[in-house]
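Undergrad: how would this look folded up:
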Amino acid sequence: MGVQDPSLMRRALTYARPLGVRLAQHCEDELLAAGGSMNEGAVSSRLGLVGRPALAEELMVQRDIELVALTGGALHFMHLSTARRSSSSHKPAFEVCRSPSRSRRIT
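TA: Presented below is the predicted three-dimensional model:
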């Protein structure tokens with residue numbers, strides 16, 4: 001389970017920065033995932049299993065990208081499993097990671 005509390009994550013990134021420590025995060029909002037056993041979709045429906053929506057991961061990834069920008073900390077996202085679709089009003093989290101100012105702090 002990842003760090004669910006954004007205040008705690010902000011504090012951890014802030015404290016880790018002067019130590020040169022890169023934190024690792026399993027990104028998934030447990031309240032949104034609601035006990036699902038696999039990614040939500042056609043396969044989970046066909047198997048009759050509760051799925052974990054992609055949004056549960058994507059929201060936490062976006063939250064942590066913003067916290068890295070705010071604190072200057074360094075963060076590694078562990079085993080991401082969704083790919084955010086690009087739209088005219090929303091850049092995918094992975095596009096944001098490619099900006100020169102953030103690319104060295106997010107892996």
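Undergrad: May I see the buried residues of stretch 67-76?
TA: Neighbour-count burial for stretch 67-76, with 16 or more other Cβ atoms under 10 Å as criterion, is recorded at L67, V68, T71, G73, A74, L75. All C-beta atoms are positioned from the backbone trio N, CA, C, and that covers glycine.
Undergrad: Can I get those in JSON lines including pLDDT?
TA: Shown next, in JSON lines, are these (pLDDT from 0 to 100):
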{"residue": "L67", "pLDDT": "95"}
{"residue": "V68", "pLDDT": "95"}
{"residue": "T71", "pLDDT": "94"}
{"residue": "G73", "pLDDT": "95"}
{"residue": "A74", "pLDDT": "94"}
{"residue": "L75", "pLDDT": "94"}
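Undergrad: Would you point out the most distant pair within those?
TA: L67 and A74 (11.3 Å; Cβ to Cβ).
Undergrad: shared neighbours of those two, which are they?
TA: Residues touching both L67 and A74 (Cβ atoms under 8 Å, 6 or more residues apart in numbering): L13.
Undergrad: from the buried residues of stretch 67-76, which ones fall inside helices?
TA: If you go by DSSP state H, the buried residues of stretch 67-76 have L67, V68, T71 in helices.
Undergrad: Now the closest residue in space to the last one that isn't next to it in sequence. Its backbone dihedrals?
TA: Nearest residue to T71 in three dimensions, chain neighbours excluded: L13, at 4.2 Å (Cβ to Cβ, 6 or more residues apart in numbering). The main-chain torsion angles of L13 are listed as degrees, to the nearest 10 and equal phi -60, psi -40.
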